[in-house]
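Chemist: heads up, no residue letters with this:
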Ligand code: ADP
């Protein structure tokens, strides 16, 4: 069993003034695939390296299985780590790179051979076992790095941005490989990335971090549909969620979000919560896919229709991005491939008010 538990874990580097990781508590289930995601410098790698035993914990406790590992050296933690730069030994062949850890641990030769060939089979790298790293492509090097981790049969795999040195096409391919791999290897995975697509597609759960702190920890759909705050909402999704400041007003017993240039009516379920916000400023969040071209909506209510100038039309083949300007705010709509509004003309778009989020402008927390 390899559940991992972090309790009130912090890290202050000797040379650093700030907390790289700040009071993080997290429970990772046995055989779960957890993704730590966030912008550069938010403390993801440091968290991973503390689990690995490559960095000391300044404060708090880490368990792997039911063993407190704070003072257990990395080599005794039953984990295998895959790094961004692959960290292959240049003078060794692929076979030697993959078998190195087992040789150091004095595994019998037949067992080493069996494990290397098994891993090579899984990764499809049997034909390159005699080559050296300089003779490999980026994708092949990444496979070798994975192979070196697999042969150890660890309880926990730790990945630190393993795909970020690959080009876009290879990244996509390796992402699906990792997906297949995790179905074959019944282990626990902790995966660090700054790429929200990798996080969404690989994680059973995603941990979004910022400034050393966990912002939200949940399954991908919850993170996307119910972000805990403005930061999480803005980090996940491409193009990013539109954040539009305005205030709540009441007209004839109905509540509206008033942007200044346009007003949209809240759905009635929200009235109760927003009665307390009447007259106050807040931020509306709406994802680009929840804004539609009015022409393509059969029955749009007038009170969630917005007039805006379409400044740029970006056809992407499968969909079209519209860059809109209300006169006060700019926002993006992501519409169907056949939408082609005129550029620099007024157009009408419809906000799906059942899908909007509202954020407190001071605390940035989600109101609903
Ligand atoms: P991430 O992986 O999210 O990019 P890191 O965990 O690498 O973030 O870094 C978190 C913070 O700790 C950053 O402010 C970074 O500059 C700092 N940091 C990382 N490693 C060291 C180190 N060895 N010494 C001092 N500060 C460090």
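Modeler: Noted; the coordinates are in hand. This is a predicted model, so every value here is computed, not measured. Numbers count the residues shown, from 1 in each chain.
Chemist: which parts of the protein sit against the ligand?
Modeler: Residues of the chain that fall close to the ligand, judged by C-beta under 6 Å from any ligand atom: 13, 15-16, 20, 38, 40-46. Every C-beta, even on glycine, is put in place using the N, C-alpha and C of the backbone.
Chemist: And the contacts of the helix or strand containing residue 5?
Modeler: Residue 5 belongs to strand 4-12 when assigned by DSSP states H and E. Residues from elsewhere that reach strand 4-12 (C-beta atoms under 8 Å, 6 or more residues apart in numbering): 18-28, 43, 46-47, 50-51, 55, 57-64, 156, 188, 190, 212.
Chemist: Next SSE downstream of that strand?
Modeler: Downstream of strand 4-12 (by DSSP H and E), the next one is strand 19-28.
Chemist: Show me what the next helix-or-strand element following that next one is packed up against.
Modeler: Heading C-terminal from strand 19-28, the first helix or strand you meet, by DSSP H and E, is strand 33-37. Applying 3 or more C-beta pairs under 8 Å, 6 or more residues apart in numbering; DSSP states H and E, one finds that strand 33-37 contacts helix 44-52, strand 188-193, helix 196-202, strand 205-210.
Chemist: Mean pLDDT and mean neighbour count for the ones you listed - can I get that in a markdown table?
Modeler: Formatted as a markdown table, these follow (pLDDT from 0 to 100; neighbours: other C-beta atoms under 10 Å):
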| stretch | mean pLDDT | mean neighbour count |
| --- | --- | --- |
| helix 44-52 | 97 | 23 |
| strand 188-193 | 96 | 25 |
| helix 196-202 | 94 | 20 |
| strand 205-210 | 98 | 24 |
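Chemist: In the stretch 251-368 of the chain, which residue sits nearest the ligand?
Modeler: Using C-beta to the nearest ligand atom, residue 364 is the residue of the stretch 251-368 of the chain that sits closest to the ligand, at 19.7 Å.
Chemist: Name the nearest residue to that residue, sequence neighbours excluded.
Modeler: Nearest residue to residue 364 in three dimensions, chain neighbours excluded: residue 230, at 4.2 Å (C-beta to C-beta, 6 or more residues apart in numbering).
Chemist: List the contacts of residue 184.
Modeler: Contacts of residue 184 (C-beta under 8 Å, 6+ apart): residue 122.
Chemist: pLDDT at it, what is it?
Modeler: At residue 184, the model reports a pLDDT of 85.
Chemist: Quickly find the element holding residue 97.
Modeler: Counting by DSSP H and E, residue 97 is part of helix 94-104.
Chemist: for the helix or strand just after that helix, packing partners?
Modeler: Per DSSP H and E, helix 94-104 leads on to helix 109-123 as the next helix or strand towards the C-terminus. Helices and strands touching helix 109-123, by 3+ C-beta pairs under 8 Å, 6+ apart, are helix 94-104, helix 138-150, helix 168-184.
Chemist: Need the winner for burial among these.
Modeler: helix 138-150 (a mean of 23; mean count of other C-beta atoms under 10 Å).
Chemist: next helix or strand past it?
Modeler: Next element after helix 138-150 (DSSP H and E): strand 156-160.
Chemist: if we look at that following strand, which residues are touching it?
Modeler: Taking C-beta under 8 Å, 6+ apart as the rule, strand 156-160 contacts 2, 4, 45, 48-49, 51-52, 64, 77-84, 149, 178, 185, 187-192.
Chemist: Can you tell me the strand partners of that strand and which way each runs?
Modeler: strand 79-82 (parallel), strand 188-193 (parallel) (DSSP bridges).
Chemist: residue in the stretch 101-250 of the chain nearest to the ligand?
Modeler: Taking C-beta to the nearest ligand atom as the measure, the point where the stretch 101-250 of the chain comes nearest the ligand is residue 192, at 6.2 Å.
Chemist: That residue and residue 219, how far apart?
Modeler: To residue 219, residue 192 is 18 Å away according to C-beta to C-beta, to the nearest Å.
Chemist: what angle do the lowest-mean-pLDDT helix or strand in the chain and helix 109-123 make?
Modeler: Here the helix or strand of the chain ranked lowest by mean pLDDT, DSSP states H and E is helix 168-184, holding a mean of 88. Counting by axes from the mean of the first three to the mean of the last three C-alpha atoms, to 10 degrees, helix 168-184 points 120 degrees away from the direction of helix 109-123.
Chemist: from the middle of its chain, how far away would helix 168-184 be?
Modeler: 15 Å (C-alpha atoms, centre = their mean, to the nearest Å).
Chemist: okay, the angle between it and strand 33-37?
Modeler: Going by the same axes, to 10 degrees, helix 168-184 makes 140 degrees with strand 33-37.
Chemist: for residue 258, what are its contacts?
Modeler: 246-249.
Chemist: mind running it again at 10 Å?
Modeler: By C-beta atoms under 10 Å, 6 or more residues apart in numbering, residue 258 lies in contact with 246-249, 251, 264, 279, 281.
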